[in-house]
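Sequence plus the predicted model coming up.
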There are 2 protein chains.
Amino acid sequence: MKSSMHNPHLAPEKYGIMDGISECIVTTISSKGPNAAPMGIIKNSNGIKIRVFKGSKTYGNIMNFPFLAANVVYDPKIYTMTTFSNLERSQFDTIVYEDVEFPVLKDGISWMLFECNNLQKSSQSLVADLIPVKAKLSHIDAVRAPNRGFNSVLEACIHATRYQLTGSQKYLDLMQYHAEIIRKCGGKTEKEALDQLYRFMKTNK
Amino acid sequence: MKSSMHNPHLAPEKYGIMDGISECIVTTISSKGPNAAPMGIIKNSNGIKIRVFKGSKTYGNIMNFPFLAANVVYDPKIYTMTTFSNLERSQFDTIVYEDVEFPVLKDGISWMLFECNNLQKSSQSLVADLIPVKAKLSHIDAVRAPNRGFNSVLEACIHATRYQLTGSQKYLDLMQYHAEIIRKCGGKTEKEALDQLYRFMKTNK
C-alpha cells in the first residue's frame, strides 16, 4: 500500500493537498452513515498525517474503519455547517474502493481517499499516517483569487469552536474581528456563512 | 466595449474573480516598464471596480494608460515581494491587446485584462469601473486546499503596510499573530515569504 505514495497519479499536490496544513472537509463512515468535519491534513517531506481529537465522530469512525477522504471545498457554508453539525445525506456522493462504498462531498473541488496507518493514540487524540489510495479532481477549472472574507470564515469557525470549548471572551473578540473582514471583503456566500455561524452558536449555547 | 461584460468567454468567475474583494496582483505599464502591486478587485452585482490610492505607481500608470491586468496568484512570495517592491522583469510576460503590449505575471494561475472606465478621482484615491477585454486561465488544474498559513501571509502584508504608514504597535502585534499561524500551518514557501516580509521591513525602516 505504501507504494501508492509514489504513484504519480496520487500525488497529493494534484488534488490540492500541499505542504503545511490543508484545511479540508474530512469524510468518514460508520454504520449510522457518512460524517463530514473540518480538519487539517498535515503534509511535510516525511508524508501525510492527521491528528484527530478524542470524542469526535471522526475519531470513532477512523477507529472502526481506518479510512478517510480529504475533500477540498471552496464553499464557505460547508465549513460553517460541518463545524457545528453534519451535512445532509444529499450532500454526499458515494465512491467505491476495493468493493467498499465510501462517502465524499458532492460539491467538492477534489477528494483524496486515504488509508489511515500506524494509528498512535494518546490520552487526547490519535495521529495517523495517511496513505493515498484513490483520488479525483472534480472541477479542473475552479480557480479562485484569495478572498479575505472566505479566509476569515475559516478563522471564525476555529475561534467559535475554541469559544465553545473554553468560554473565553478572547475567542468572541477574534470572531468579531473576522466578522468585520467577512462583511467588508466577502461575497454573498461568505456573508451567509457568517449569519449561519452566529445562528449555530445561538442554538448550541 | 461594455458588451464584453456579457461575453461568456470573459465571465470573471472563470478566471477566479468572484463576488466580494479578490486579492489579486495588479499589473500596469508605464514608459519605465511594467509594475506589479497587490490590490483588491471589487465585484458585486453592479459590476467590477478598483480603488487605487494616490501616490502609488499603479495610480500614475492608470491615469496615463487606463488598463490593468488582475493576476490570480497562489505563490505567497509574490504577495510579499509586491507589497514592498516591484518584481523582476523576468517575472512578467507580455501579452498583446489591440496591437498594444501589456504585462501580466508569468507564474500566475490566470489573468484578466481590464479597461479602466469612468475614473472618479477624490483627494485620496481614484475609483474606476473595470471592463474585461481579454483573459487567460493558464493553469486549469491548480487546485489548492485553503491554508491558514498562506492566508496569514496576505494578512501580514496588509498589516506591514499599515504599520509603515502609521507606526502603530497594533499592526506589529497583528503581524506577530499571523506569523505564528504561518509557522504552524504554512508550507516551506509560506515560511520563506514570512522571512522575506521581515527582511523587507528591516530594509524599509
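Received, thanks. Since the model is a prediction, treat every value here as computed from it, not as a measurement.

packing partners for the helix or strand of chain A with the lowest mean pLDDT?
When the helices and strands of chain A are scored by mean pLDDT, DSSP states H and E, helix A:188-203 comes last with a mean of 94. Contact here means 3 or more CB pairs under 8 Å, 6 or more residues apart in numbering or on different chains; DSSP states H and E; on that basis helix A:188-203 packs against helix A:76-84, helix A:148-166, helix A:169-185. No exception for glycine: its C-beta is placed from N, CA and C like everyone else's.

Those into CSV, with extra columns for mean neighbour count?
Below are the helices and strands packed on helix A:188-203 laid out as CSV (neighbours: other CB atoms under 10 Å in any protein chain shown):
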stretch, mean neighbour count
helix A:76-84, 22
helix A:148-166, 21
helix A:169-185, 17
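
what would those look like in CSV with mean pLDDT and distance to chain B?
Below are the helices and strands packed on helix A:188-203 laid out as CSV (pLDDT from 0 to 100; distance: least, CB to the nearest CB, whole Å):
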stretch, mean pLDDT, distance to chain B
helix A:76-84, 96, 9
helix A:148-166, 96, 4
helix A:169-185, 97, 4
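
wait, which of those helices is closest to A:Leu194?
Taking CB to CB, helix A:169-185 is the member of the helices and strands packed on helix A:188-203 nearest to A:Leu194, at 4.7 Å.

Compute the inter-axis angle for the closest one and helix A:148-166.
160 degrees (axes from the mean of the first three to the mean of the last three CA atoms, to 10 degrees).

With only the CA atoms kept, save the least confident helix or strand of chain A in CSV.
Only the C-alpha atoms of helix A:188-203 are listed here, as CSV (Å, rounded to 0.1, in the frame of the first residue of the first chain):
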residue,chain,number,x,y,z
LYS,A,188,-22.8,36.9,-0.7
THR,A,189,-21.9,33.3,0.3
GLU,A,190,-19.3,34.4,2.9
LYS,A,191,-21.8,36.7,4.5
GLU,A,192,-24.4,33.9,4.5
ALA,A,193,-21.8,31.7,6.1
LEU,A,194,-21.3,34.3,8.9
ASP,A,195,-25.0,34.5,9.6
GLN,A,196,-25.2,30.7,9.7
LEU,A,197,-22.2,30.6,12.1
TYR,A,198,-23.9,33.1,14.6
ARG,A,199,-27.2,31.2,14.3
PHE,A,200,-25.4,27.9,15.1
MET,A,201,-23.7,29.5,18.1
LYS,A,202,-27.0,30.7,19.5
THR,A,203,-28.5,27.2,19.0
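
and the angle from that helix to helix A:76-84?
Using the same axes, to 10 degrees: helix A:188-203 against helix A:76-84 is 20 degrees.

Tell me the confidence at A:Lys205?
Predicted confidence (pLDDT) for A:Lys205: 63.

Domain parsing of chain A, as residue ranges.
A:2-137, A:148-203 (automatic domain parsing).

Is it possible to get CSV of these that adds distance to B:Ser85?
Formatted as CSV, the domains of chain A follow (distance: least, CB to CB, whole Å):
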stretch, distance to B:Ser85
domain A:2-137, 25
domain A:148-203, 22
